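*Asks:* sequence and predicted structure are below.
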Amino acid sequence: MLCCSCTLFTPRISFTCSHVKVLGITGDKVMLGFATSKGYWKDSCLQYFVRNVGERKAPEINRGYYARVKGVNLLLDAFLEKTEGHCQVINLGAGLDTTFWRLKDENLLPRKFFEVDFPTVVARKIHSIKTKPPLSKPIIDVHATDSLLLESHVLDSDRYCILGADLRDISSLDEKLKKFQLDPELPTLLFSECVLVYMTPSQSSNLVHWAAETFHTAMFINYEQVNMSDRFGQVMIENLQRRQCTLAGVEVCQSLDSQKERFLKTGWEHANALDMMTVYGVLPQDDVAR
Ligand SMILES: C[S@@+](CC[C@H](N)C(=O)[O-])C[C@H]1O[C@@H](n2cnc3c(N)ncnc32)[C@H](O)[C@@H]1O
(Lines give C-alpha, C1' and ligand atoms only; values in the text may rest on other atoms or scores of the structure.)
Protein backbone atom coordinates (compact mmCIF):
# COMPACT_ATOMS: atom_id res chain seq x y z
CA MET A 1 0.00 0.00 0.00
CA LEU A 2 1.49 3.32 -0.92
CA CYS A 3 1.12 6.61 0.81
CA CYS A 4 -0.13 9.79 -0.78
CA SER A 5 -0.02 11.80 2.39
CA CYS A 6 2.50 14.32 1.17
CA THR A 7 0.75 15.34 -1.99
CA LEU A 8 -0.07 18.84 -0.89
CA PHE A 9 3.35 19.70 0.42
CA THR A 10 5.72 18.31 -2.12
CA PRO A 11 5.04 17.67 -5.73
CA ARG A 12 5.56 13.97 -5.10
CA ILE A 13 2.63 12.60 -6.99
CA SER A 14 1.93 13.26 -10.61
CA PHE A 15 -0.70 12.84 -13.20
CA THR A 16 0.50 11.86 -16.58
CA CYS A 17 -1.99 12.05 -19.29
CA SER A 18 -1.09 10.51 -22.67
CA HIS A 19 -2.95 10.37 -25.85
CA VAL A 20 -2.22 8.38 -28.96
CA LYS A 21 -4.08 10.20 -31.39
CA VAL A 22 -4.76 11.83 -27.10
CA LEU A 23 -2.09 11.00 -22.29
CA GLY A 24 -1.13 9.75 -17.04
CA ILE A 25 -0.03 8.74 -9.77
CA THR A 26 0.05 5.79 -5.45
CA GLY A 27 -2.24 4.13 -2.82
CA ASP A 28 -5.36 2.03 -2.73
CA LYS A 29 -8.72 3.85 -2.84
CA VAL A 30 -10.05 1.68 -0.03
CA MET A 31 -7.76 3.79 2.16
CA LEU A 32 -9.95 6.76 1.37
CA GLY A 33 -12.93 5.77 3.53
CA PHE A 34 -12.21 8.36 6.23
CA ALA A 35 -12.17 11.20 3.69
CA THR A 36 -15.47 10.09 2.16
CA SER A 37 -17.01 9.77 5.65
CA LYS A 38 -16.13 13.43 6.19
CA GLY A 39 -17.74 14.51 2.91
CA TYR A 40 -14.63 15.40 0.90
CA TRP A 41 -16.40 13.62 -1.97
CA LYS A 42 -19.27 11.13 -2.27
CA ASP A 43 -18.72 7.40 -2.69
CA SER A 44 -21.87 5.51 -1.85
CA CYS A 45 -20.37 2.10 -2.75
CA LEU A 46 -17.04 2.08 -0.90
CA GLN A 47 -18.87 0.95 2.26
CA TYR A 48 -19.76 -2.34 0.58
CA PHE A 49 -16.11 -3.19 -0.10
CA VAL A 50 -14.57 -2.15 3.22
CA ARG A 51 -15.93 -2.89 6.67
CA ASN A 52 -15.08 0.45 8.28
CA VAL A 53 -13.96 3.91 7.25
CA GLY A 54 -10.44 3.37 8.58
CA GLU A 55 -8.41 5.46 10.96
CA ARG A 56 -8.69 9.23 11.23
CA LYS A 57 -6.42 11.06 8.79
CA ALA A 58 -5.02 14.60 9.00
CA PRO A 59 -6.81 17.21 6.84
CA GLU A 60 -3.71 17.55 4.63
CA ILE A 61 -3.92 13.86 3.79
CA ASN A 62 -7.64 14.04 3.09
CA ARG A 63 -7.08 16.99 0.78
CA GLY A 64 -4.41 15.04 -1.09
CA TYR A 65 -6.84 12.16 -1.57
CA TYR A 66 -9.51 14.66 -2.61
CA ALA A 67 -7.25 16.16 -5.28
CA ARG A 68 -6.48 12.69 -6.61
CA VAL A 69 -10.09 11.54 -6.84
CA LYS A 70 -11.40 14.80 -8.26
CA GLY A 71 -8.49 15.12 -10.69
CA VAL A 72 -8.92 11.63 -12.14
CA ASN A 73 -12.70 12.02 -12.29
CA LEU A 74 -12.41 15.34 -14.14
CA LEU A 75 -10.30 13.80 -16.89
CA LEU A 76 -12.41 10.66 -17.08
CA ASP A 77 -15.69 12.58 -17.25
CA ALA A 78 -14.31 14.93 -19.91
CA PHE A 79 -13.44 11.91 -22.07
CA LEU A 80 -16.91 10.43 -21.58
CA GLU A 81 -18.57 13.71 -22.45
CA LYS A 82 -16.40 14.28 -25.50
CA THR A 83 -17.18 10.81 -26.86
CA GLU A 84 -20.80 11.04 -25.70
CA GLY A 85 -20.33 7.65 -24.08
CA HIS A 86 -19.45 5.94 -27.38
CA CYS A 87 -16.26 4.64 -25.84
CA GLN A 88 -14.85 2.02 -23.51
CA VAL A 89 -12.94 2.49 -20.25
CA ILE A 90 -10.32 0.09 -18.86
CA ASN A 91 -9.15 0.36 -15.24
CA LEU A 92 -5.79 -1.42 -15.04
CA GLY A 93 -5.07 -2.70 -11.51
CA ALA A 94 -8.54 -1.59 -10.39
CA GLY A 95 -8.44 -3.05 -6.87
CA LEU A 96 -11.70 -2.14 -5.13
CA ASP A 97 -12.26 0.98 -7.18
CA THR A 98 -15.93 2.09 -7.42
CA THR A 99 -15.88 4.27 -10.53
CA PHE A 100 -18.29 2.02 -12.46
CA TRP A 101 -21.01 2.61 -9.83
CA ARG A 102 -20.41 6.37 -9.79
CA LEU A 103 -20.73 6.56 -13.56
CA LYS A 104 -23.94 4.50 -13.48
CA ASP A 105 -25.36 6.84 -10.80
CA GLU A 106 -24.46 9.89 -12.84
CA ASN A 107 -25.73 8.47 -16.10
CA LEU A 108 -22.27 8.66 -17.64
CA LEU A 109 -21.58 5.01 -18.43
CA PRO A 110 -19.38 4.19 -21.42
CA ARG A 111 -20.45 1.39 -23.78
CA LYS A 112 -18.41 -0.96 -21.62
CA PHE A 113 -16.34 -0.54 -18.45
CA PHE A 114 -13.52 -3.06 -17.93
CA GLU A 115 -11.55 -3.73 -14.76
CA VAL A 116 -8.42 -5.87 -14.53
CA ASP A 117 -6.51 -7.02 -11.45
CA PHE A 118 -4.87 -10.16 -10.10
CA PRO A 119 -7.34 -13.09 -9.92
CA THR A 120 -7.30 -13.13 -6.10
CA VAL A 121 -8.28 -9.45 -5.91
CA VAL A 122 -10.94 -9.94 -8.58
CA ALA A 123 -12.39 -12.97 -6.76
CA ARG A 124 -12.79 -10.88 -3.60
CA LYS A 125 -14.50 -8.07 -5.51
CA ILE A 126 -16.84 -10.45 -7.35
CA HIS A 127 -17.79 -12.03 -4.04
CA SER A 128 -18.80 -8.60 -2.70
CA ILE A 129 -20.76 -7.83 -5.87
CA LYS A 130 -22.55 -11.18 -5.73
CA THR A 131 -23.55 -10.83 -2.10
CA LYS A 132 -24.46 -7.13 -1.98
CA PRO A 133 -27.49 -5.95 -3.99
CA PRO A 134 -26.43 -2.26 -4.03
CA LEU A 135 -23.41 -3.46 -6.05
CA SER A 136 -25.08 -6.09 -8.25
CA LYS A 137 -28.31 -4.23 -9.04
CA PRO A 138 -26.69 -1.40 -11.07
CA ILE A 139 -24.90 -4.05 -13.19
CA ILE A 140 -28.12 -5.99 -13.80
CA ASP A 141 -30.12 -2.80 -14.49
CA VAL A 142 -27.99 -2.06 -17.56
CA HIS A 143 -27.73 -5.67 -18.74
CA ALA A 144 -30.19 -6.37 -21.55
CA THR A 145 -29.04 -9.72 -22.97
CA ASP A 146 -29.20 -13.13 -21.33
CA SER A 147 -25.45 -13.70 -21.43
CA LEU A 148 -24.31 -12.61 -17.98
CA LEU A 149 -21.23 -14.63 -17.06
CA LEU A 150 -20.39 -15.02 -13.39
CA GLU A 151 -17.38 -17.10 -12.40
CA SER A 152 -14.92 -16.78 -9.53
CA HIS A 153 -12.39 -14.74 -11.56
CA VAL A 154 -14.63 -13.20 -14.23
CA LEU A 155 -17.84 -11.28 -14.27
CA ASP A 156 -18.96 -10.22 -17.72
CA SER A 157 -22.14 -8.29 -18.45
CA ASP A 158 -23.21 -5.92 -21.22
CA ARG A 159 -21.71 -2.79 -19.65
CA TYR A 160 -19.34 -4.03 -16.91
CA CYS A 161 -16.60 -6.63 -17.06
CA ILE A 162 -14.08 -7.51 -14.35
CA LEU A 163 -11.44 -10.10 -15.02
CA GLY A 164 -8.42 -11.60 -13.34
CA ALA A 165 -5.18 -11.20 -15.28
CA ASP A 166 -1.53 -10.34 -14.75
CA LEU A 167 -0.81 -7.00 -16.41
CA ARG A 168 2.76 -8.20 -17.06
CA ASP A 169 1.50 -10.93 -19.40
CA ILE A 170 0.38 -8.85 -22.37
CA SER A 171 -0.70 -11.61 -24.76
CA SER A 172 -2.95 -13.22 -22.17
CA LEU A 173 -4.33 -9.79 -21.15
CA ASP A 174 -5.11 -8.94 -24.76
CA GLU A 175 -6.74 -12.30 -25.39
CA LYS A 176 -8.91 -12.11 -22.26
CA LEU A 177 -10.09 -8.57 -22.93
CA LYS A 178 -10.95 -9.35 -26.56
CA LYS A 179 -12.86 -12.45 -25.48
CA PHE A 180 -15.13 -10.05 -23.59
CA GLN A 181 -15.72 -7.69 -26.52
CA LEU A 182 -12.96 -5.16 -26.09
CA ASP A 183 -13.18 -3.16 -29.31
CA PRO A 184 -9.91 -1.65 -30.61
CA GLU A 185 -11.88 0.66 -32.92
CA LEU A 186 -13.79 2.33 -30.09
CA PRO A 187 -12.29 5.44 -28.41
CA THR A 188 -10.68 4.04 -25.28
CA LEU A 189 -9.73 5.56 -21.94
CA LEU A 190 -7.23 3.53 -19.93
CA PHE A 191 -6.39 4.46 -16.35
CA SER A 192 -4.06 3.16 -13.71
CA GLU A 193 -3.76 4.55 -10.20
CA CYS A 194 -0.73 3.46 -8.19
CA VAL A 195 -0.19 0.38 -10.31
CA LEU A 196 2.66 0.78 -12.81
CA VAL A 197 5.15 1.41 -9.99
CA TYR A 198 4.76 -2.23 -8.92
CA MET A 199 6.11 -3.45 -12.27
CA THR A 200 9.64 -3.25 -13.62
CA PRO A 201 10.19 -0.44 -16.15
CA SER A 202 10.24 -2.95 -19.00
CA GLN A 203 7.00 -4.61 -17.87
CA SER A 204 5.11 -1.32 -17.53
CA SER A 205 6.62 -0.17 -20.79
CA ASN A 206 5.22 -3.27 -22.55
CA LEU A 207 1.79 -2.52 -21.08
CA VAL A 208 1.81 1.13 -22.11
CA HIS A 209 3.10 0.15 -25.56
CA TRP A 210 0.32 -2.44 -25.95
CA ALA A 211 -2.21 0.30 -25.16
CA ALA A 212 -0.68 2.67 -27.71
CA GLU A 213 -0.67 0.15 -30.54
CA THR A 214 -3.97 -1.60 -29.83
CA PHE A 215 -6.41 1.27 -29.95
CA HIS A 216 -7.20 3.58 -32.79
CA THR A 217 -7.95 6.49 -30.46
CA ALA A 218 -6.96 6.34 -26.81
CA MET A 219 -6.11 8.34 -23.70
CA PHE A 220 -4.18 7.00 -20.70
CA ILE A 221 -4.45 8.54 -17.22
CA ASN A 222 -1.71 7.41 -14.88
CA TYR A 223 -1.48 8.53 -11.23
CA GLU A 224 1.69 7.77 -9.29
CA GLN A 225 4.78 9.10 -7.52
CA VAL A 226 7.47 11.48 -8.71
CA ASN A 227 10.65 12.78 -7.02
CA MET A 228 11.41 9.37 -5.58
CA SER A 229 15.14 9.95 -5.37
CA ASP A 230 14.91 12.75 -2.78
CA ARG A 231 15.12 12.03 0.97
CA PHE A 232 11.35 11.72 1.40
CA GLY A 233 11.14 9.29 -1.50
CA GLN A 234 13.96 7.21 -0.03
CA VAL A 235 12.18 7.01 3.33
CA MET A 236 9.00 5.90 1.55
CA ILE A 237 10.91 3.16 -0.29
CA GLU A 238 12.62 2.00 2.93
CA ASN A 239 9.32 1.90 4.85
CA LEU A 240 7.70 -0.16 2.13
CA GLN A 241 10.69 -2.50 1.89
CA ARG A 242 10.38 -3.16 5.61
CA ARG A 243 6.84 -4.35 4.87
CA GLN A 244 8.14 -6.62 2.05
CA CYS A 245 6.69 -4.33 -0.57
CA THR A 246 9.10 -3.58 -3.40
CA LEU A 247 8.49 -0.79 -5.84
CA ALA A 248 10.02 -2.44 -8.90
CA GLY A 249 9.19 0.51 -11.12
CA VAL A 250 10.50 3.35 -8.98
CA GLU A 251 13.14 4.26 -11.57
CA VAL A 252 10.45 5.71 -13.83
CA CYS A 253 9.06 7.75 -10.92
CA GLN A 254 11.96 10.18 -10.68
CA SER A 255 10.33 13.24 -12.21
CA LEU A 256 7.46 14.55 -14.29
CA ASP A 257 9.75 14.22 -17.31
CA SER A 258 10.54 10.54 -16.62
CA GLN A 259 6.80 9.90 -16.33
CA LYS A 260 6.12 11.61 -19.64
CA GLU A 261 9.02 9.78 -21.28
CA ARG A 262 7.54 6.37 -20.53
CA PHE A 263 4.62 7.26 -22.79
CA LEU A 264 6.50 9.15 -25.47
CA LYS A 265 8.97 6.26 -25.88
CA THR A 266 6.25 3.68 -26.33
CA GLY A 267 4.18 5.04 -29.18
CA TRP A 268 2.07 7.78 -27.62
CA GLU A 269 1.89 11.02 -29.58
CA HIS A 270 1.48 13.43 -26.68
CA ALA A 271 2.10 13.29 -22.96
CA ASN A 272 1.50 15.78 -20.18
CA ALA A 273 2.41 15.42 -16.51
CA LEU A 274 1.20 17.54 -13.58
CA ASP A 275 2.19 17.40 -9.93
CA MET A 276 -0.66 17.32 -7.43
CA MET A 277 -0.10 20.88 -6.20
CA THR A 278 -0.89 21.97 -9.73
CA VAL A 279 -3.90 19.67 -9.94
CA TYR A 280 -5.18 21.03 -6.61
CA GLY A 281 -4.83 24.54 -8.00
CA VAL A 282 -6.88 23.89 -11.12
CA LEU A 283 -9.78 22.01 -9.53
CA PRO A 284 -13.06 23.94 -9.29
CA GLN A 285 -12.16 26.41 -6.55
CA ASP A 286 -15.66 26.67 -5.09
CA ASP A 287 -15.53 22.95 -4.31
CA VAL A 288 -11.96 23.23 -2.97
CA ALA A 289 -13.16 26.02 -0.68
CA ARG A 290 -16.08 23.87 0.49
C1 LIG B 1 -2.15 0.34 -4.69
S2 LIG B 1 -3.38 -0.70 -5.39
C3 LIG B 1 -4.37 0.48 -6.29
C4 LIG B 1 -5.74 -0.06 -6.59
C5 LIG B 1 -6.65 0.92 -7.36
N6 LIG B 1 -6.04 1.32 -8.61
C7 LIG B 1 -7.01 2.13 -6.54
O8 LIG B 1 -6.59 3.24 -6.91
O9 LIG B 1 -7.70 2.00 -5.52
C10 LIG B 1 -2.48 -1.50 -6.73
C11 LIG B 1 -3.33 -2.51 -7.47
O12 LIG B 1 -2.62 -2.97 -8.62
C13 LIG B 1 -2.78 -4.36 -8.72
N14 LIG B 1 -1.64 -4.89 -9.48
C15 LIG B 1 -0.32 -4.63 -9.25
N16 LIG B 1 0.44 -5.34 -10.13
C17 LIG B 1 -0.44 -6.02 -10.94
C18 LIG B 1 -0.27 -6.92 -12.03
N19 LIG B 1 0.94 -7.27 -12.46
N20 LIG B 1 -1.37 -7.45 -12.60
C21 LIG B 1 -2.62 -7.12 -12.15
N22 LIG B 1 -2.83 -6.28 -11.13
C23 LIG B 1 -1.76 -5.73 -10.53
C24 LIG B 1 -2.79 -4.84 -7.27
O25 LIG B 1 -3.36 -6.12 -7.12
C26 LIG B 1 -3.63 -3.75 -6.61
O27 LIG B 1 -5.03 -4.00 -6.64
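*Replies:* Cool, the structure landed.
*Asks:* any idea how far Ser255 is from Asn227?
*Replies:* 7 Å (C-beta to C-beta, to the nearest Å). Heads up, the C-betas are built off the backbone N, CA and C, glycines and all.
*Asks:* let me know the secondary structure of the residue located most distally from the centre of the chain.
*Replies:* What lies farthest from the middle of the chain is Asp146; by C-alpha atoms, centre = their mean that is 29.4 Å. Three-state call for Asp146 (DSSP: H, G, I helix; E, B strand; the rest coil): coil.
*Asks:* please report how far it lies from the ligand.
*Replies:* Distance of Asp146 to the ligand, computed by C-beta to the nearest ligand atom, to the nearest Å: 30 Å.
*Asks:* now do the contacts for Phe163.
*Replies:* I think there's a mix-up here, since residue 163 is Leu and not Phe. 114-116, 122, 153-156, 176-177, 180 (C-beta atoms under 8 Å, 6 or more residues apart in numbering).
*Asks:* format these as TSV; extra columns: neighbour count and pLDDT.
*Replies:* Shown next, in TSV, are those (neighbours: other C-beta atoms under 10 Å; pLDDT from 0 to 100):
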residue	neighbour count	pLDDT
Phe114	24	98
Glu115	24	98
Val116	24	98
Val122	23	98
His153	17	95
Val154	19	98
Leu155	22	98
Asp156	19	98
Lys176	19	98
Leu177	20	98
Phe180	16	97
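*Asks:* up against the ligand, what does this structure have?
*Replies:* 2, 27-29, 93-95, 97, 117-118, 121, 166-168, 193-195, 198-199 (C-beta under 6 Å from any ligand atom).
*Asks:* do that again at 8 Å, thanks
*Replies:* 1-2, 26-32, 91-97, 116-118, 120-121, 165-168, 192-195, 198-199, 203, 223 (C-beta under 8 Å from any ligand atom).
*Asks:* may I see the PyMOL selection of the buried members of these?
*Replies:* Typed into PyMOL, the line below selects the buried ones among these, using 16 or more other C-beta atoms under 10 Å:
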select buried, resi 2+26+27+28+29+31+32+91+92+93+94+95+96+97+116+117+121+165+167+168+192+193+194+195+198+199+203+223
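*Asks:* of the residues of the chain next to the ligand, which belong to helices?
*Replies:* 120-121, 203 (DSSP state H).
*Asks:* so which of these comes closest to Arg290?
*Replies:* Val121 (33.4 Å; C-beta to C-beta).
*Asks:* give the closest residue to the closest one in space, chain neighbours not counted.
*Replies:* Distances taken as C-beta to C-beta, 6 or more residues apart in numbering place Gly95 nearest to Val121, at 6.2 Å, with adjacent residues excluded.
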